[in-house]
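K.L.:
I need the structure of the sequence given here:
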Amino acid sequence: MPASLADHTTLRLGGPAKSMLEAKTDDELVAAVAERDAAGEPVLLLGGGSNLVISDSGFDGTAIRICTEGQRIERTQVDGVERVRVEVAAGEDWDAFVARTVEAGFGGLECMSGIPGRVGATPIQNVGAYGWEVADFLHSVRVYHRGSGERETMVPQQLALGYRTSRFKGTDEAVVLAVTFDLHADGLSQPIRYAELARTLGVEPGERVPAADVREAVLLLRRDKGMVLDPDDHDTWSAGSFFTNPVLPAAEAADARQRIADIVGPDVRIPTYPAPGDAVKFSAAWLIERAGFGKGHQGPGGRVSLSTKHTLALTNRGSATTDDLLALAREVRDGVAAKFGITLHPEPLLIGCAL
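P.N.:
A predicted model of the protein is given here:
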């Protein structure tokens with residue numbers, strides 16, 4: 001029978017799935033996917049629903065909720081340094097897992113505290129925050145290949161990891177069953193990269209500090225931006241950052257900087273950051289605000305708006321539809337393109353709909 005998808009996404013949007021089931025073990029998950037693939041039935045894999053925008057018409061297939069649990073820890077050596085290797089099931093809550101690593105005295109994932117969703121989605125999206133991403137700690141990913149029916153443990157070099165993407169993003173190639181991370185055994189964080197986080201901690205950029213202190217500071221900063229889930233706060237009824245920060249090749253970035261400076265004035269600092277391959281990352285939030293879309297900017301009927309705390313989040317104010325949200329996303333995307341000649345791209349997966 002039809003099952004609500006809105007009840008399983010952080011946006012609280014989306015029509016029904018034709019049917020829904022839970023998979024609590026790897027074997028249950030593989031069997032459920034394989035059976036429906038063999039029958040030619042569409043499958044929607046659901047974790048925490050924090051990175052999904054689902055159409056108002058819903059999903060004409062089976063939604064499979066990944067509810068697997070468990071982890072395994074071992075001590076190891078990586079390049080002569082003691083590390084803690086942690087394998088964790090795809091269905092585990094990501095932030096609860098990060099909290100456990102910090103409480104156990106392991107460092108590395110603390111900057112990604114407060115991010116909603118399940119562990120299995122993190123390598124697909126190459127989740128990251130405050131200068132670090134899953135790729136920096138990833139040892140391997142155990143997957144089920146839907147085409148061949150085989151299970152395989154894959155290393156990062158096989159995953160085509162990039163900025164908020166991987167070979168699996170937006171494809172039906174594989175199902176993530178478990179993820180393994182190599183973490184610090186000394187309880188210290190990765191070097192602090194973001195000035196905002198360094199100021200909050202009262203340290204200089206580049207320092208390593210207790211991972212627990214970083215987790216606390218990151219959660220504070222994310223709450224201030226409405227990026228920690230709270231059912232009573234509509235600013236958190238979102239898919240997190242809706243647009244990725246645009247990354248441009250060096251030559252294009254130089255032209256873009258000049259174009260932006262001509263508009264905002266030569267004395268205005270344009271925030272940019274280095275990206276792999278001599279590319280340059282621009283701040284999507286800064287571009288959105290400078291294009292005239294401030295915090296709380298409303299979409300159709302006030303049913304959706306940019307968060308009142310953070311312009312990168314598009315939020316459901318309680319009675320929205322997915323069409324409302326997409327209309328606001330198009331307005332923002334097109335406004336930034338018209339103003340600065342830079343096209344923003346959505347970070348969440350769009351199911352049955354498009355910008």
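
K.L.:
mind listing residues that contact the helix or strand containing Ser19?
P.N.:
Assigned by DSSP states H and E, Ser19 belongs to strand 16-23. Outside of strand 16-23, the residues that reach it under the criterion Cβ atoms under 8 Å, 6 or more residues apart in numbering are 1-5, 29, 32, 44, 46, 58-68, 91. For glycine as for every other residue, the C-beta is placed from the backbone atoms N, C-alpha and C.

K.L.:
in this protein, where is pLDDT below threshold?
P.N.:
Scanning the chain for pLDDT under 70 picks out nothing.

K.L.:
now the helices for it?
P.N.:
Taking DSSP state H as the test, the helices found in the chain are 26-38, 94-103, 121-125, 195-201, 211-224, 250-264, 284-290, 322-340.

K.L.:
which of those sits closest to Leu11?
P.N.:
helix 322-340 (7.0 Å; Cβ to Cβ).

K.L.:
same for the closest one, what does it pack against?
P.N.:
strand 52-54, helix 250-264, helix 284-290, strand 304-306, strand 314-316 (3 or more Cβ pairs under 8 Å, 6 or more residues apart in numbering; DSSP states H and E).

K.L.:
change it to 6 Å
P.N.:
Contacts defined by 3 or more Cβ pairs under 6 Å, 6 or more residues apart in numbering; DSSP states H and E place helix 322-340 against helix 284-290, strand 304-306, strand 314-316.

K.L.:
can I get the ones you listed in a markdown table including distance to Tyr194 and mean neighbour count?
P.N.:
Formatted as a markdown table, the helices and strands packed on helix 322-340 follow (distance: least, Cβ to Cβ, whole Å; neighbours: other Cβ atoms under 10 Å):
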| stretch | distance to Tyr194 | mean neighbour count |
| --- | --- | --- |
| helix 284-290 | 13 | 21 |
| strand 304-306 | 22 | 26 |
| strand 314-316 | 23 | 27 |
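
K.L.:
please, where are all the strands along the stretch 101-250 of the chain?
P.N.:
Along the stretch 101-250 of the chain, the segments classed as strands by DSSP state E, counting those that start in this stretch run 128-129, 132-133, 138-145, 151-154, 174-184, 247-248.

K.L.:
in its sheet, what does the third one sit against?
P.N.:
When you say that, I think you mean strand 138-145. Strand pairing for strand 138-145, using DSSP bridges, gives strand 151-154 (antiparallel), strand 174-184 (antiparallel).

K.L.:
go ahead and flag the most central residue of the protein.
P.N.:
Centroid check for the chain by Cα atoms, centre = their mean gives Val127 as the closest residue, at 4.7 Å.

K.L.:
how about that one, nearest residue that isn't a chain neighbour?
P.N.:
Ranked by Cβ to Cβ, 6 or more residues apart in numbering and with sequence neighbours excluded, the top spatial neighbour of Val127 is Val134, at 5.1 Å.

K.L.:
just Lys339 next, same as before
P.N.:
Of all residues not flanking Lys339 in the chain, Ala291 sits nearest, at 4.2 Å (Cβ to Cβ, 6+ apart).

K.L.:
so what's the residue count around that neighbour?
P.N.:
Neighbour count of Ala291, defined by other Cβ atoms under 10 Å: 21.
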